[in-house]
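> Pasting the sequence and the predicted model now:
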Amino acid sequence: MSRRVRRKVARKGKVVSPIYAETEDEVLGLKQYGYVDWTGLPDDTVLQLFSCLNYRDRASLSSTCRTWRVLGISPCLWNSLDLRAHKCDASMASSLAPRCVNLQKLRFRGAESADAVIHLQARNLREISGDYCRKITDATLSVIVARHEALESLQLGPDFCERISSDAIKAIAFCCPKLKKLRLSGIRDVHGDAINGLAKNCPHLTDIGFIDCLNVDEMALGNVASVRFLSVSGTSNMKWGVVSDLWHKLPNLAGLDVSRTDIGPNAVSRLLSSSQSLKVLCALNCPVLEEHTSFHINKNKGKLLLVLFNDIFKGIGLLFVDTTNKGKNVFLDWRNLKNKDKNLDEIMIWVEWILSHTLLRIAESNQQGLDEFWLKQGAALLLSLMQSSQEDVQERAATGLATFVVIDDENANIDRGRAEAVMREGGIRLLLDLAKSWREGLQSEAAKAIANLSVNTNVAKSVAEEGGINILAGLARSMNRLVAEEAAGGLWNLSVGEEHKGAIAEAGGVKALVDLIFKWSTGGDGVLERAAGALANLAADDKCSTEVAVAGGVHALVMLARNCKFEGVQEQAARALANLAAHGDSNSNNAAIGQEAGALEALVQLTRSAHEGVRQEAAGALWNLSFDDRNREVIAAAGGVEALVALAQSCSNASPGLQERAAGALWGLSVSEANSIAIGREGGVAPLIALARSEAEDVHETAAGALWNLAFNPGNALRIVEEGGVPALVHLCSSSVSKMARFMAALALAYMFDGRMDEFALLGTSSESSSKSVSLDGARRMALKHIEAFVLTFSDPQAFAAAAASSAPAALSQVTEGARIQEAGHLRCSGAEIGRFVAMLRNSSAILKACAAFALLQFTIPGGRHAVHHAGLMQNAGAARVLRAAAAAATAPLEAKIFARIVLRNLEHHHMEPSL
């Protein structure tokens, strides 16, 4: 509801609060210090406060003092109970029994809770409503109705009651003579004898719903003379000729719902024209009827036909004496009527219910061709129903909003037009108001709708501007798992936007999400996945990643990665750890994850998961974590080399994301020469060469990076040649769209043919490939040709001529800007690697000299992430002298000379070579 009216608390008798001496002494003492004496509040005020809490919070508040403990068990507070968010077994129900003597209304979820209902010993129950009833049996339902003879309303659905038969309906008829409302969903067969039993034994039965059933005896329903409202929505195999012959004779029938059936225009016409009492016939989403759009719907005055091709708001307005200016405000106008009409109220209450149910079912079916309906009136109808005084109508309307915007649930795609239509109609404010309700069912469904709508960036912005982030962060702290789960989902979707991450952290969302993981560490897969997903998004932000760690997020996420068996949770936990570890230069999260007991071992194990998403995110986490020296060695010791090589071998047909991360993790591990050798021996060269042939740019980069590291070792370099890696690297070097892939492919080829592999080959081919005959000369010529071509692509002849003719800094700067590869500034080389490029400047090959100078230029450009580090390594390697010699060599190519001069200037900039 958009607003809540305070009500007086009606209670039988007066609850007398005992006065305890110790309490009086405490009160006197508190007054001296100006404290508020909460125990001195009037009983009515305290009871009003209690009435706005769920039963769990009432119990907590009751435990604060003796006075409130007595008030907390007042019968007026326990006339209704909603157990849907909890797993209610016989033990829990028995513990609640003393408070449930006067219980009149009960809502539960699932078969186990249904079995426990009788243990509440609430013999005075008037209303029972159950969700998720697929596993409820005839026996269970029969026992429930046998113990509750005063039952007036029984509703099971909207999901199908697959295991309930006509036998249970007979038991209902026999045991519940006061029954007024019976709504059951998804029963296979409703036989005539069961319906006749209802007609005979339940004289007050005015509201019947056999919804989404397979077979219903139409003739028997014609015998229930007491029925005023009847719904067979979604029911199959209806004999409409029988229906039109018999049902119009029902003397009290005011509302009939045949939505989502195959009823045709002839049956509709006869029902409307023949029935004396019928006021409303709802036939939404009836394909046969909708084929006849020319069907005259207004020829029966005083009777309303609701169909998709009609203006539903306008039609409902015709039920009123004053039909002016109703429009989309028709429901609000009815609720605000000063002169109430009992018959109209009953009809409108029923119309609200059947509309909320049918619109939800239509939204769930995700039918094509309904865009016009949803945009013109469907969204507005759901928003109007969200303001109903009926809680289940509000919930179903909110669920409908959450559902009708979704196009592809698996890929989280929503319809932009529908989402923004809700926003334009004021739906965001309505949903946020509903989310602030004290009723947890409403909180849950409103949060779900906000979460789904927030996939749209414009709606997400509106949610944030309306204060939705604070509301969702508050709901994420709920003790109700369903509420917390949907709130976490909302924060997950909102956290996709960079502009919302800081606001979520400021609202306490990070701490709330981490606490959720500890609170629901078992038995809450949905809430865990959403919490981990939200933390993964937040961890991508540098500042928020620190907050996640401070809040205990590292331990929580590692706990999920180690212990949770649900693949969705594993995937999001691994993704969150990957993002936490991605800020190695700005915080200590990377090292902290590695120090968490079992973290790296768990991630290695997850790379063997049967679920591709889990393998992808686990490999991504290991890739980021491998930037830490200690982590890199622990990963290898935990079997990471073997696991990641196996992953690379198996992902040739996998998604580019998995391929990129598998190659990236091997790239990270191969920084260590021991790991590099292990990867080669384990068979990692061949799958990396295969990945280098991928069509995806990102895969090019990681595969080239891994092969570059592996090629540093002469044994691996020879393996690359033997496995056909030279053509693959040559292709990357010359054809990849990615400059980085081309750059690292060229460096790998340079390593392979700078002479060290030749020395290794003289000792014999590698033990794994001893039978292969390799033509190193042919491979060398091919490699050098493409290395030269690659370097020349960054060599503008005019700029180089100007730099050669002048020592002015501007000339060298022009060459630098033309040659710069921006992403190369993120590469970090070891002292051995820098030393190898410095040595390459002395190589007899002019092409390798130019390549080495080009590489050193990239690594030392001012502003590069590791430029100062590389400049220091070059100083230690005595690079200045070698660079000066290369720059002055008469036989050196022009590119090598100019690049060497630029590197010398870079070293001067970093103040690492004072003598220059």
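Ah, there it is. Residues are numbered from 1 along each chain as shown.

> Going by C-alpha atoms from here, please, whenever you check contacts or count neighbours.
OK.

> Could you report the distance from Leu319 to Leu284?
Between Leu319 and Leu284 the distance is 18 Å, computed by CA to CA, to the nearest Å.

> make that Ala220, sorry
In this view, Ala220 and Leu284 are 24 Å apart by CA to CA.

> Tell me who's in contact with Ile211.
Contacts for Ile211 were tallied using CA atoms under 8 Å, 6 or more residues apart in numbering; they are 183-187, 231-235.

> and those as a markdown table, adding pLDDT?
Output for these, formatted as a markdown table (pLDDT from 0 to 100):
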| residue | pLDDT |
| --- | --- |
| Arg183 | 97 |
| Leu184 | 97 |
| Ser185 | 96 |
| Gly186 | 94 |
| Ile187 | 95 |
| Ser231 | 98 |
| Val232 | 97 |
| Ser233 | 97 |
| Gly234 | 96 |
| Thr235 | 96 |
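
> Could you check which of Leu319 and Leu284 has the larger neighbour count?
For the pair Leu319 and Leu284, the greater number of neighbours falls to Leu284 (25 against 18), based on other CA atoms under 10 Å.

> A helix includes that one, no?
No: Leu284 is assigned coil when assessed by DSSP: H, G, I helix; E, B strand; the rest coil, not a helix.

> top helix in the protein by residue count?
Longest helix in the chain, counting residues (DSSP state H): helix 342-365.

> From the contact counts, what lies against that one?
Applying 3 or more CA pairs under 8 Å, 6 or more residues apart in numbering; DSSP states H and E, we find helix 342-365 packed against strand 255-257, helix 379-385, helix 391-404.

> wait, which of those is closest to Arg147?
helix 391-404 (24.8 Å; CA to CA).

> After the closest one, which helix or strand is next?
strand 406-408 (DSSP states H and E).

> In that next one, which residues are buried?
406-407 (16 or more other CA atoms under 10 Å).

> partner strands of that strand, parallel or antiparallel?
strand 413-414 (antiparallel) (DSSP bridges).

> what about the strand it pairs with, distance to the chain center?
12 Å (CA atoms, centre = their mean, to the nearest Å).

> now do stretch 861-871
With CA atoms, centre = their mean, you get 40 Å for stretch 861-871.

> Go through that stretch and flag the buried ones.
Buried, per 16+ other CA under 10 Å, within stretch 861-871: 861-862, 864-871.

> Same check on stretch 446-465?
So for stretch 446-465, counting by 16+ other CA under 10 Å, buried means 446-457, 459-461, 463-464.

> export it as PDB, just CAs?
Output in PDB follows, covering the C-alpha atoms of stretch 446-465 (Å, rounded to 0.1, in the frame of the first residue of the first chain):
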ATOM      1  CA  ALA A 446       8.300  -5.500  -3.600                       C
ATOM      2  CA  ALA A 447      12.100  -6.000  -3.300                       C
ATOM      3  CA  LYS A 448      11.900  -8.700  -6.000                       C
ATOM      4  CA  ALA A 449      10.200  -6.300  -8.400                       C
ATOM      5  CA  ILE A 450      12.700  -3.500  -7.600                       C
ATOM      6  CA  ALA A 451      15.500  -5.900  -8.200                       C
ATOM      7  CA  ASN A 452      14.300  -7.000 -11.700                       C
ATOM      8  CA  LEU A 453      13.300  -3.500 -12.800                       C
ATOM      9  CA  SER A 454      16.800  -2.200 -11.700                       C
ATOM     10  CA  VAL A 455      18.400  -4.200 -14.500                       C
ATOM     11  CA  ASN A 456      17.400  -1.200 -16.600                       C
ATOM     12  CA  THR A 457      19.900   1.600 -15.900                       C
ATOM     13  CA  ASN A 458      17.200   4.400 -16.000                       C
ATOM     14  CA  VAL A 459      15.100   2.600 -13.500                       C
ATOM     15  CA  ALA A 460      18.200   1.900 -11.300                       C
ATOM     16  CA  LYS A 461      18.900   5.600 -11.300                       C
ATOM     17  CA  SER A 462      15.300   6.300 -10.300                       C
ATOM     18  CA  VAL A 463      15.400   3.700  -7.500                       C
ATOM     19  CA  ALA A 464      18.600   5.300  -6.100                       C
ATOM     20  CA  GLU A 465      17.200   8.800  -6.300                       C
END
